[in-house]
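*Asks:* Okay, predicted coordinates and the sequence, questions at the end:
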Amino acid sequence: MIEEVLRLLRCAECSAPATEYDAFEKTADGRVTEGVLWCGVCRSWYPISNGVLELLPARLAYHKDRDEFWSNHAARLEGLGLERESIPQGATAPSPEAAQQRHFDWYASNATQTYNAYERTPFWQAVDSLTFNEWRKRIAPGSRLLDVGCAQGRSCRYFEDCDITVVGFDVSKSLVQQAHQRYSRSGSGARMTFFAGDASRFPFVENSFDYVLVYGVLHHLEDPARACADISRVLKRGGTYFGLENNVSSLRPVFDALMRLWPMWHEEAGAKPLMSGGELTDWFAAAGMAIDTHSSTVVPPHLANCLSATGAKRLIATTNAVLRTVPFLRQQGGLLVASGTKPAA
């Protein structure tokens, strides 16, 4: 974990910004590989192990990992005045967030389709490349970018040669560990750090980031409007939001029918599996931000996945160009692309 990021965090239990930390081990460049973060208000504590912080509330915590961490560092933790975890009653009760966590932990490693394999499908390689190559042009050197729902670092690859700090978090600790391993070995130009956290309540203090990226994540949350408010809250004045979600469109029944007949991936959507540009605009307006949206991709994933990644990219780029010129189709793409800037004053 990068130390400057530890100073931006809020407690996952009480949201107090009064967090403290103790680094047990550091790398030569000052990253914390082993240590603990704790709240000065409610005394909740969060382990940093093998470079990954677990900043999750008790209802989503990996209690076996926490117990092992305590056993390894008991004397030091007790010396800090921290107490061994006792799991609160109901802490492991079923919840929408826990369902998402189980789904993405499964997606990290299984015999059907891993998230790495999902990322490498021609359809998503094409969509990701076309979308991120446009957003990259707006990234300033020396800035700080937050990747909400970072998974195993799928989005980060498009920023790894940029002179920026990238902070990624995800509710799945298994995917976060994969992201950490992926970029700790990559020799990337960007300074990257990852932790396990809950996107239903962003664990950051206000005005922390120049950019917030939320790529296909809002439709996994129970309250996407609250997440939009959090995006605005953690952005610096003049900071920019980038997002992509599943679009409500007249073509959606065709996509959904194809997916039922021939599943391309495994989805675990939240309360709003689909959203319109109007809804997204309204949520951000309530948070004090104006955004622009447009639809993308009328090509069914099944067709794109019959091609190479290069062929799929050419097909989607060509059909997107046509999409923008036909009034009826302009808002009917399967994906909704959004961006907006927080007012400077």
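*Replies:* Ah, there it is.
*Asks:* hey, where'd the helices end up in the stretch 51-200 of the chain?
*Replies:* 63-79, 96-108, 115-119, 122-136, 173-184 (DSSP state H, counting those that start in this stretch).
*Asks:* Need the ones you listed in TSV (columns: distance to residue 321, mean neighbour count and mean pLDDT).
*Replies:* Placement of C-beta: from N, CA and C, glycine included. TSV is the format used below for the helices of the stretch 51-200 of the chain (distance: least, C-beta to C-beta, whole Å; neighbours: other C-beta atoms under 10 Å; pLDDT from 0 to 100):
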stretch	distance to residue 321	mean neighbour count	mean pLDDT
helix 63-79	48	14	96
helix 96-108	33	18	96
helix 115-119	25	17	97
helix 122-136	11	19	97
helix 173-184	33	22	96
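*Asks:* Nearest to residue 15, out of those?
*Replies:* Nearest of those to residue 15, taken as C-beta to C-beta: helix 96-108 at 15.5 Å.
*Asks:* so where's the chain uncertain?
*Replies:* Scanning the chain for pLDDT under 70 picks out 87-93, 186.
*Asks:* can you give me the strands in the protein?
*Replies:* For the chain, the strands defined by DSSP state E cover 19-26, 32-39, 45-49, 52-55, 144-148, 165-170, 191-197, 209-215, 235-246, 290-296, 335-341.
*Asks:* want to try JSON lines for these, with distance to residue 132 and mean neighbour count as columns?
*Replies:* Formatted as JSON lines, the strands of the chain follow (distance: least, C-beta to C-beta, whole Å; neighbours: other C-beta atoms under 10 Å):
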{"stretch": "strand 19-26", "distance to residue 132": "32", "mean neighbour count": "16"}
{"stretch": "strand 32-39", "distance to residue 132": "29", "mean neighbour count": "21"}
{"stretch": "strand 45-49", "distance to residue 132": "29", "mean neighbour count": "24"}
{"stretch": "strand 52-55", "distance to residue 132": "24", "mean neighbour count": "24"}
{"stretch": "strand 144-148", "distance to residue 132": "11", "mean neighbour count": "24"}
{"stretch": "strand 165-170", "distance to residue 132": "13", "mean neighbour count": "26"}
{"stretch": "strand 191-197", "distance to residue 132": "15", "mean neighbour count": "26"}
{"stretch": "strand 209-215", "distance to residue 132": "9", "mean neighbour count": "23"}
{"stretch": "strand 235-246", "distance to residue 132": "9", "mean neighbour count": "21"}
{"stretch": "strand 290-296", "distance to residue 132": "12", "mean neighbour count": "18"}
{"stretch": "strand 335-341", "distance to residue 132": "11", "mean neighbour count": "21"}
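*Asks:* Could you export the ones you listed as CSV, including distance to residue 328?
*Replies:* What follows is the strands of the chain, written out as CSV (distance: least, C-beta to C-beta, whole Å):
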stretch, distance to residue 328
strand 19-26, 52
strand 32-39, 52
strand 45-49, 51
strand 52-55, 46
strand 144-148, 33
strand 165-170, 38
strand 191-197, 41
strand 209-215, 27
strand 235-246, 20
strand 290-296, 12
strand 335-341, 17
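*Asks:* hmm, back to that, turn the helices of the stretch 51-200 of the chain into a markdown table, columns for distance to residue 294.
*Replies:* Formatted as a markdown table, the helices of the stretch 51-200 of the chain follow (distance: least, C-beta to C-beta, whole Å):
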| stretch | distance to residue 294 |
| --- | --- |
| helix 63-79 | 42 |
| helix 96-108 | 27 |
| helix 115-119 | 24 |
| helix 122-136 | 11 |
| helix 173-184 | 29 |
